[in-house]
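Trainee: Quick one: sequence and predicted model below, then my questions.
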Amino acid sequence: MDLKKTASGILKFLLYLSLGLLILWLAFRNVAFKDIREGLLSANYVWLIFSLFFGIAAYFVRALRWRLLIDPLGYNPSLSNAFHAVVFGYLANIAVPRIGEVSKCVALGRKESIPVDKLFGTILLERAIDIISILAITVTFVLFASDTVKRFFIDSIYQPIRSSFGLTLGFWLLIGAFLILVILLVLFRKRVPKNRFIARVFGFIRGIVDGFVSITKMEKRWLFLFLTIIMWLCYTLMSWFVVYCLESTSVLGLNDAVFILIIGSFGMMVPVQGGFGAFHYIVSNGLAIVYGITIEDGLIYSIISHESQILLTILLGSFSAYIMFGRRKNVSFSSNK
């Protein structure tokens, strides 16, 4: 066991957990816990069944979409294995933020004997498409929204993100320098001394690039676009049906569910385990500022919506982990099929 890696992993886990607990404290610091307890006990959880159904449907559609990205690489994983890899990735994210992307690549690569580097390239592409999608949904929604909604997005989302980018300028410069180095290595690879390590590095980079550009070779692009729309529709319906669990939020319509989806998505982007704290904070404040719903009721909605999906992910993810890792199989890191 590598003690340094273990210590680093534990430190990262504790840092992310501390950040999540801090945000969770900010969300709950001035609330009446008695009202939250009573609200949770009196909620109509029948509607939660529909929310969980669309949550599972979103996993299924994401697996279908991922297979379309993998197909141009010359591999055809089963839908079942792709689904279980996706769910396992979400389970891993509950433990350590952002590790799910790598975890599901390793899981599917192990099960289907697909090079992990190529799979990771498809995940980078998928994440880029997801970011573009949520930004497009956000811009479209805000353009037709009320002044109150526009002010909320500026004060609660745009300004914090802008400040965050300003505080992490050094980090982005470091990332930029690394990318430039990679490009230079690729351009002048013939002048680089030949050895096994460098060959493996170039092979890994080439595999990632192959996966990332897989969309340019995709034959079913319209199906990919259709599945992307269906996936975000599933997420919207997943958020919408939860509003009927509470009398105070039951007046919200599908358009309002899009608002919850958007701000909840930004909350889930915060690097904390499973979005804990960040999701609750931004959704409860959004419902309070835009719709006048009390913070307590907003937190009740957030708890029901978030924790139901977390429990679903833990249950499905544990089963998926058994399916994907029940039998030992070597993972191929080579870029050659």
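Mentor: Received, thanks.

Trainee: And the longest helix along the chain, what does it pack against?
Mentor: For the chain, the helix that runs over the most residues, judged by DSSP state H, is helix 295-325. Helices and strands touching helix 295-325, by 3 or more C-beta pairs under 8 Å, 6 or more residues apart in numbering; DSSP states H and E, are helix 3-28, helix 33-42, helix 46-70, helix 79-95, helix 99-112, helix 221-242, helix 278-291. In short, each C-beta sits where N, CA and C put it, glycine included.

Trainee: Can you say which of these is nearest to Phe325?
Mentor: Phe325 sits nearest to helix 99-112 of all these, at 7.2 Å, using C-beta to C-beta.

Trainee: Remind me what the closest one packs against, helices and strands.
Mentor: Looks like helix 99-112 contacts helix 79-95, helix 116-143, helix 295-325 (3+ C-beta pairs under 8 Å, 6+ apart).

Trainee: let's see 10 Å
Mentor: With contacts defined as 3 or more C-beta pairs under 10 Å, 6 or more residues apart in numbering; DSSP states H and E, helix 99-112 has these neighbours: helix 3-28, helix 46-70, helix 79-95, helix 116-143, helix 295-325.

Trainee: Would you single out the least confident of the ones you listed?
Mentor: Among the helices and strands packed on helix 99-112, helix 3-28 carries the lowest mean pLDDT, a mean of 60.

Trainee: chain center to the longest helix of the chain: distance?
Mentor: 13 Å (C-alpha atoms, centre = their mean, to the nearest Å).

Trainee: Let me know the angle separating that helix from helix 79-95.
Mentor: On the basis of axes from the mean of the first three to the mean of the last three C-alpha atoms, to 10 degrees, helix 295-325 is oriented at 130 degrees to helix 79-95.

Trainee: what comes up buried for helix 295-325?
Mentor: 295-306, 308-310, 312-313, 316-317, 320-321, 323-324 (16 or more other C-beta atoms under 10 Å).

Trainee: the inter-axis angle of that helix versus helix 99-112?
Mentor: Using the same axes, to 10 degrees: helix 295-325 against helix 99-112 is 30 degrees.

Trainee: so helix 295-325 versus helix 221-242, what angle?
Mentor: Going by the same axes, to 10 degrees, helix 295-325 makes 130 degrees with helix 221-242.

Trainee: Can you get me a residue count around Ala128?
Mentor: When neighbours are counted by other C-beta atoms under 10 Å, Ala128 registers 12.
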